[in-house]
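Novice: Give me a model of this one.
(one chain, ligands or ions: 1)
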Amino acid sequence: MSETIHAFDSASDLANTLAADVAQRLDAATKERGTASIAVSGGSTPKLFFQALSQHDLDWPNISVTLVDERFVPPESDRSNHRLVAENLLQNKAKAAYFVPLFQPAASPEDAATLATVKTEAICDPFDVVILGMGTDGHTASFFPGGDNLYEALDLDEPRGVLTMAAENAGEERLTFNFSSLHDAGFLVLHIEGAAKKATLEKAQSGEDEEEMPVRAVLNRAETPVDIYWAP
Ligand SMILES: O=C1O[C@H](COP(=O)(O)O)[C@@H](O)[C@H](O)[C@H]1O
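Specialist: Below you'll find the model as predicted:
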């Protein structure tokens, strides 16, 4: 329902500060409860942040890492968000983290979503940290405009879990946590970079229609106030 914007001079300043802020949340959670969980996004934006976070000295064996969303492709694919996380976040000190993939080698994306829901149920209720990205079409996670399961994905009456999403602009079929699983994270971040995404954000902030720009669900209906991290 409310948001805070953190603006930086450069992508590396953003990455280092966001990594420190996330590390602080994960550290507090492991100290308080013994475990912590984080769901991260894929795409081109989070690489530097992943590399910075991987170097923090945390209780990584007790930290579960998963993805907000994934393409229905195996981890060997260069379109795989799993691969991006393995190569950039699950390195250095974070090598010891427990990674739970969304892609499962199942017969169909629906079967993979069911398996992923079961495998992640212990860590998403709620997540300690969720890092969302955003496309210039106003999608976040795999909540795409025109997505075949968009209504269900954004329905806060749905139980937490992973579902499939097919959409014209999404490429491969997707697996995505639903909004119920993401909106109440202890620390809910929208990480965006560049002038085009700033313009997309401003457009999203000036309207209500979630079918047109699904990121509006996060801006307008998330239980946790959103922290927006932006750099040029
Ligand atoms: O499709 C996706 O795109 C968004 C944004 O990606 P970016 O390349 O513009 O940074 C990302 O948040 C999402 O996880 C990913 O699957």
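
Novice: Name the helix or strand for Ala86, please.
Specialist: helix 81-88 (DSSP states H and E).

Novice: Please identify the pairing partners of the very next helix or strand once past that helix and their relative orientation?
Specialist: Per DSSP H and E, the first helix or strand lying C-terminal to helix 81-88 is strand 98-100. Pairing partners of strand 98-100, with direction, according to DSSP bridges: strand 63-67 (parallel).

Novice: Which residues outside the strand it pairs with are in contact with it?
Specialist: 26, 30, 35-42, 81-82, 85, 89-90, 94, 97-102, 120, 123-124 (CB atoms under 8 Å, 6 or more residues apart in numbering). All C-beta atoms are positioned from the backbone trio N, CA, C, and that covers glycine.

Novice: Can you say which of these are buried?
Specialist: Burial by neighbour count, judged by 16 or more other CB atoms under 10 Å, picks out 26, 30, 35-42, 81-82, 85, 89-90, 94, 97, 100-102, 120, 123-124 from those.

Novice: centre of the chain versus stretch 24-32, how much separation?
Specialist: Centre-to-centre, stretch 24-32 and its host chain are 19 Å apart (CA atoms, centre = their mean, to the nearest Å).

Novice: May I see the buried residues of that stretch?
Specialist: Arg25, Leu26, Asp27, Ala29, Thr30.

Novice: restrict the buried ones among the contacts of strand 63-67 to contacts with the ligand.
Specialist: Restricting the buried ones among the contacts of strand 63-67 to those near the ligand by CB under 6 Å from any ligand atom leaves Ser41, Gly42, Asn81.

Novice: and the second one, which of the three is it?
Specialist: Three-state assignment for Gly42 (DSSP: H, G, I helix; E, B strand; the rest coil): coil.
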